[in-house]
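K.L.:
Below: sequence and its predicted model.
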Amino acid sequence: MDGQATGTPVDPVGHGHGKPLPWWRQWVFSTDHKVIGIQYMISSLLIGLFGFGLMLFMRWQLSYPGQPLPLFGALLERLFGANMAPGGVMTPQLYNSFGAIHGTVMIFMALVPALFAGFGNYIVPLKLGAPDMAFPRLNMASFWCFFAGAVIMLGSFFVPGGAAKSGWTSYPPLANLADSGPGFHPILNGQTLWLLGMAFNITGSLLGVINMITTIFQLRAPGLSWMRLPIFIWSELVTAFLMLLAFPPLEAAAVMQLMDRLAGTSFFSPDGLIVGGQRVA
């Protein structure tokens, strides 16, 4: 009788010998595809609710410009300071921060992780007849890279100057110049932390994509040919290939923009750029 039949947790990778796992291995740093799928879905749901809240604040500001936010105005002033929310009124800088983080988390940290990684991790091995994903520990690493990226990005609200203000696309030269100069820490500023958070998030996505493609190619049950695959498996496979093509250039661009900000390179900074009548590049 196996461990699952008796209710005793076993190593989800199958490398153990029926020994009970400590709770932190079973539910936190788990390599079980079902647990990781649930972790992705719960984290994405919470991040999506946070992004939805940012959108509500932005809509209130558009409807009632210059007026304090009801209920949450004092909290915003306490959290972000009088410079960003004086008297509970959103400043343009705080509005831009909310817009940038809202767009980023809803696309890269809510929709994609929940629909692709969350449901994919939970369902794909079951539909394939596989015991787990092809690389269980890589699967765990992909979630924690995603989680670290979310923590870095959401924590950027509390550094001097607040979170990134250059939109969820982070287009240069605006993104290269934002949150820089005197008074800004070279790393602990909103735009740099946005780039670091995106780098972690994209790394986790690429690890998950490689895992998904390998699992579908290598761990199908005997007799489950390509033309017998469920449509859900095909959708995950096509999405994985699209992400594999799109995300490496995106991560390379984030790293190059980080180099522009931290190492003085000129991947995106145009030579001879004039801002406010002064040459800045």
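P.N.:
Alright, I've got the coordinates. Numbers count the residues shown, from 1 in each chain.
K.L.:
alpha carbons only for contacts and neighbour counts from here, please
P.N.:
Fine.
K.L.:
so how many other residues sit close to the closest residue to Ala134 other than its chain neighbours?
P.N.:
For Ala134, ignoring the flanking residues on the chain, the nearest one in space by Cα to Cα, 6 or more residues apart in numbering is Thr215 at 4.9 Å. A total of 20 residues lie near Thr215 under the criterion other Cα atoms under 10 Å.
K.L.:
Which parts of the stretch 1-150 of the chain are helices?
P.N.:
Along the stretch 1-150 of the chain, the stretches classed as helices by DSSP state H, counting those that start in this stretch are 3-6, 23, 33-63, 73-80, 92-106, 112, 119-128, 136-155.
K.L.:
circling back: so is the residue nearest to Ala134 in a helix, a strand, or just coil?
P.N.:
Under the three-state scheme (DSSP: H, G, I helix; E, B strand; the rest coil), Thr215 adopts helix.
K.L.:
before we move on, the earlier item: wait, which of the helices of the stretch 1-150 of the chain is closest to Leu229?
P.N.:
With respect to Leu229, and counting by Cα to Cα, the nearest of those is helix 119-128 at 8.0 Å.
K.L.:
list the contacts for the nearest residue to Gly51 once chain neighbours are set aside?
P.N.:
With Cα to Cα, 6+ apart as the criterion, Gly51 has its nearest non-adjacent residue at 4.8 Å, and that residue is His102. With contacts defined as Cα atoms under 8 Å, 6 or more residues apart in numbering, His102 is in contact with 51-52, 54-55, 168.
K.L.:
With Gln39 instead?
P.N.:
Applying Cα under 8 Å, 6+ apart to Gln39 gives the contacts 118, 143.
K.L.:
got it, and the one 4 residues further on?
P.N.:
Listed by Cα under 8 Å, 6+ apart, the contact partners of Ser43 are Phe147.
K.L.:
that older thread, ok, so what distance separates the residue nearest to Ala134 from Gly120?
P.N.:
For Thr215, the distance to Gly120 under the criterion Cα to Cα, to the nearest Å works out to 11 Å.
K.L.:
What does the pLDDT read for the residue nearest to Gly51?
P.N.:
Predicted confidence (pLDDT) for His102: 96.
K.L.:
One more: Asp260?
P.N.:
The per-residue confidence score, pLDDT, reads 89 for Asp260.
K.L.:
mind checking which helix or strand it is in?
P.N.:
When secondary structure is defined by DSSP states H and E, Asp260 falls within helix 231-262.
K.L.:
rewinding a little: going through the contacts of His102, which ones are buried?
P.N.:
The neighbour count (16 or more other Cα atoms under 10 Å) marks 51-52, 54-55, 168 as buried among these.
K.L.:
Out of the residues you listed, which is nearest to Pro270?
P.N.:
Trp168 (21.0 Å).
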